[in-house]
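>>> need a structure here:
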Amino acid sequence: MTTFERDAKTRELPWPFTGRENELDLARGSLTAGRHGIVITGPAGYGKTRLVTEAVRGTDCARVTGTPETRGIRFAAFAHHVPETASLHAALQHLSGVRLLLVDDAHLLDDASAALVHQLAVHGRTRLLVVTTDGAPVPGAISRLWTGELLPRLALEPLHREETGRLLAGAAAGEALEPLTVNRLHRLCQGDLRLLRDLVDAVRERGLLTRVPDSDEWAWRGPVPVTPALRERTAQVLDRTGPEERETLDRLAFAEPLPLDPELDRLDLRALEQLEADALVRIDDRGAVRLAHPLHGPVLRAAAGRLRARRLSLRRSSAGGTSISLRSPDRWGPALDAERADLSRRIERADVRATPTPVGEWLVAEGVPVPAGYAAVRARFARLRGELREAAAWAREGLRDGTEDHSCRLELALAAVQSGDTTAAHKILGGRPHGGGAVTRPATVRDAADGAVEALTGDPYDPYDPYDPYDPYDPYDAVRRGTPELAAGRLTGVFAAHADALAQGDGPALDRAAEELQERGFLLFAAEAHAQAVRAHRDPRAARTARTRAVALARRCQGARTPALSGLVLGELTARQRQIVTLAAAGLSNRQIAEKLTLSVRTVGNHLYSAYTRLGAGDRRALPWLVELPDAQPA
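Below is the predicted model:
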């Protein structure tokens, strides 16, 4: 992930290491006493080299790297350790003093070097950290490291969306990206961190970021910038020489999915077969053709000339499908309505697991205004999943054109209050701040919405009016707040099970409810149920397990700070880390903390860095929601 600035003579600093904590622990654990090492594999750009570099940081480690230019030279990778003319036995003797060896790009090793690595694993005196890339031919001596069970293998998966967000937050450089932009980058790059770095740099350098109103975040809308690196990554589609193949790719870029029926859509089947063989297109279960990589469509659209883009965008599927590339609302409107209806049905069925929503995402990416009704449903769906920052972003999309949509304002307020900012929530709903931080409630229909905020915060509120269609009060909020008796007889399904378990103080039942909530996609609710189970369990081991699960889920909820989660994650820290984190969350600088605790500034920084890793925080801006300060208002 270390890159070079295009016009600079000095090397650019790498992005902070984020999002691979579990893999890092496995890699470091494989190098401890009694272990022989590990093989780490994954696609190019997944951060394998960065991971192993972090794993061996601070150790006495020898390092060798394979290169394509030296695969025909004997012992080329070990040239600084072993003479080229040495026998394999002699090479082993030369390396007898090496206790830890990192082998990067092992798939590019010459045969003699690969055999030497294999023999080092057989003898077991040298701990090995071996890195190889998926999809590339691997010397048999290297592949037998894991197939022969000499070393365990760790196959890297793409970073989750939450981890990508943390990575981008740590590399913000003063320009924090809003969630919908983070989602777009994550979707386009598919786990390729080098591509992510290049795309983010291009967006910033070309001034494509715009500040989100009433926020310190920045958004990227519009076409993908086709940089030299991006063009190189997508050369397999941009450089297709066959006119039929390129025409098919372009048509998909402007109107996917297309039906697989030559009589209806006149797709060239020979060209399509070749593109499928080259893994550039795929056929879904419904017989529709799509581009294989989400980056290919935006790049092909950006590379098309104006006239070609106009011709392709005006063509429409003859099978009755709707091309999402058409900007006219009467064309994409029905597809957007279908997405909204599907999301609403899922909410009604208490199933908010992730589901594809390509039309809404395309509209946002292109900068097309999203109807407020759709934006409110998307915001609610995200909020129920615990994606609070994303919920706020969708609500803002629905308010972009100045429409005073009550549903969008409510969702924006609820996202704020569940992030711990009740004052902002009341302001969003139209209240006026006055002395002491209190807010005057507006005497409008939004009083009902204000009531939902009060229901979450625990303020006195007589909530429910069944005749008021604007009243959003949910009796489940009482369960989340810790007063299940207020919801007696008014809940069903897993929500009723959660309420009953809490009323009875049944820790195992709370954990079971949390697991079902998580399975249905309610990550924040699941985190709260596990957190409540911590206090209900009589078995300390069960309480620790519930705490660990609650913390892991809370980290994925984009800054959630609710009553059930209050102070939960501090149990993951050492006493000194808790002390320093609490002071940092109160606003003290590292130097002020050092003076207060009689420590060095460097020691304070090291403790904070370790705490960030354990808490899943990008920097100190994320600490206030994690720490219950003595004078903090309840959230």
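
>>> At the geometric centre of the chain, which residue do we find?
Computing the C-alpha centroid of the chain and ranking residues by Cα atoms, centre = their mean puts Arg161 first, at 1.5 Å.

>>> can you give me phi and psi for that residue?
Phi and psi for Arg161, reported as degrees, to the nearest 10, are phi -60, psi -40.

>>> Quick one: residues contacting it.
Applying Cβ atoms under 8 Å, 6 or more residues apart in numbering to Arg161 gives the contacts Val182, Asn183, His186. From N, CA and C alone the C-beta is placed, and that goes for glycine too.

>>> just Glu245 next, same as before
Listed by Cβ under 8 Å, 6+ apart, the contact set of Glu245 reads Asp268, Ala271, Gln274, Leu275.

>>> Can you tell me the element it falls in?
Using DSSP states H and E, Glu245 sits in helix 243-255.

>>> now that helix: mean pLDDT?
Computed over helix 243-255, the mean pLDDT rounds to 85.

>>> swap in stretch 598-610?
84.

>>> what's it in contact with?
Arg576, Gln577, Ile580, Val581, Ala584, Asn590, Arg591, Ile593, Ala594, Leu597, Arg620.

>>> and after the helix or strand harbouring the first one, which helix or strand comes next?
What that stands for is Arg576. Using DSSP H and E, Arg576 sits in helix 575-585. Per DSSP H and E, helix 575-585 leads on to helix 590-597 as the next helix or strand towards the C-terminus.

>>> Could you give the separation of the following helix or strand past that following helix from the chain centroid?
Using DSSP H and E, the helix or strand that directly follows helix 590-597 along the chain is helix 601-615. Relative to the chain's own centre, helix 601-615 is displaced by 23 Å; criterion: Cα atoms, centre = their mean, to the nearest Å.

>>> Same question for stretch 80-94.
Distance, stretch centre to chain centre, for stretch 80-94: 45 Å (Cα atoms, centre = their mean).

>>> Also stretch 45-57?
19 Å.

>>> So what touches it?
For stretch 45-57, the surrounding residues in contact (Cβ under 8 Å, 6+ apart) are 1-2, 14, 17, 20, 23-24, 27-28, 31, 40-42, 100, 102, 104, 129, 131, 133, 156, 158-159, 191-195.

>>> thinking again about what came up before, report the buried residues of the helix holding Arg576.
For helix 575-585, the neighbour count (16 or more other Cβ atoms under 10 Å) marks Gln577, Arg578, Ile580, Val581, Thr582, Leu583, Ala584, Ala585 as buried.

>>> do the same with stretch 419-431
By neighbour count with 16+ other Cβ under 10 Å, stretch 419-431 contains the buried residues Ser419, Gly420, Asp421, Thr422, Ala424, Ala425, His426, Lys427, Ile428, Leu429, Gly430, Gly431.

>>> repeat for stretch 281-296
The neighbour-count check on stretch 281-296 (16+ other Cβ under 10 Å) flags Val281, Ala288, Val289, Arg290, Leu291, Ala292, His293, Pro294, Leu295, His296 as buried.

>>> Could you single out the nearest of those to Glu485?
Pro294 (48.3 Å; Cβ to Cβ).

>>> so which strand or helix has that closest one?
Using DSSP H and E, Pro294 falls within no helix or strand.

>>> returning to that earlier point: what's the most distant pair in the buried residues of stretch 419-431?
So, these by Cβ to Cβ: farthest apart are Gly420 and Gly430, at 20.4 Å.

>>> Where in the protein is the helix or strand with the lowest mean pLDDT?
The helix or strand of the chain with the lowest confidence, counting by mean pLDDT, DSSP states H and E, is strand 439-440 at a mean of 34.

>>> Run through the helices of the stretch 201-350 of the chain in chain order.
Remark: helices assigned in the stretch 201-350 of the chain by DSSP state H, counting those that start in this stretch are 228-233, 235-238, 243-255, 262-265, 269-277, 296-303, 306-314, 329-348.

>>> so what does the first one touch, helix or strand wise?
The elements that helix 228-233 packs onto, with contact taken as 3 or more Cβ pairs under 8 Å, 6 or more residues apart in numbering; DSSP states H and E, are helix 193-205.

>>> which secondary structure elements does the helix it packs on contact?
Judged by 3+ Cβ pairs under 8 Å, 6+ apart, helix 193-205 is in contact with helix 161-170, helix 179-189, helix 228-233.

>>> Columns mean pLDDT and distance to Leu343 on top of those helices, output as JSON lines?
Formatted as JSON lines, those follow (pLDDT from 0 to 100; distance: least, Cβ to Cβ, whole Å):
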{"stretch": "helix 161-170", "mean pLDDT": "84", "distance to Leu343": "18"}
{"stretch": "helix 179-189", "mean pLDDT": "93", "distance to Leu343": "16"}
{"stretch": "helix 228-233", "mean pLDDT": "86", "distance to Leu343": "32"}
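
>>> Serialize those to CSV and add fields for distance to Ala335.
Converted to CSV, the helices and strands packed on helix 193-205 look like this (distance: least, Cβ to Cβ, whole Å):
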stretch, distance to Ala335
helix 161-170, 23
helix 179-189, 18
helix 228-233, 28
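
>>> so which of those helices comes closest to Ala219?
helix 179-189 (5.2 Å).

>>> avg pLDDT for stretch 87-98?
90.

>>> Was I right to think Thr65 contacts Asp104?
Yes: contact status for Thr65 versus Asp104: in contact at 4.4 Å, counting by Cβ atoms under 8 Å.

>>> show me what contacts the most far-flung residue of the chain relative to its centre?
Here the chain reaches farthest from its C-alpha mean at Thr85, the gap being 49.4 Å by Cα atoms, centre = their mean. Contacts for Thr85 (Cβ under 8 Å, 6+ apart) come out as none.

>>> Offset the numbering so it begins at 29, please.
Done: numbering now begins at 29, and the last item shifts to Thr113.

>>> Relative to Arg102, how far out is it?
From Thr113 over to Arg102 the distance is 8 Å, taken as Cβ to Cβ, to the nearest Å.

>>> Equivalent analysis for Pro96, please.
16 Å.

>>> The two: which is more packed in?
Using other Cβ atoms under 10 Å, the more surrounded residue of Pro96 and Arg102 is Arg102, with 17 against 10.

>>> ok, now which ones touch that one?
Glu112, Asp138, Asp139, Ala140.

>>> How about Cys217?
Thr192, Leu223, Leu224, Leu227, Leu323.

>>> out of the residues you listed, which one sits closest to Ile375?
Proximity of the contacts of Cys217 to Ile375 (Cβ to Cβ) peaks at Thr192, which lies at 25.7 Å.

>>> Could you find the closest non-adjacent residue to the closest one?
The shortest distance from Thr192 to any non-neighbouring residue, by Cβ to Cβ, 6 or more residues apart in numbering, is to His214 (4.4 Å).

>>> and the one you found, how far is that from Val327?
17 Å.

>>> same deal with Ala571?
Distance, Ala571 to Val327, by Cβ to Cβ: 51 Å.

>>> Between those two, point out the one with more neighbours.
Val327 (23 against 17).
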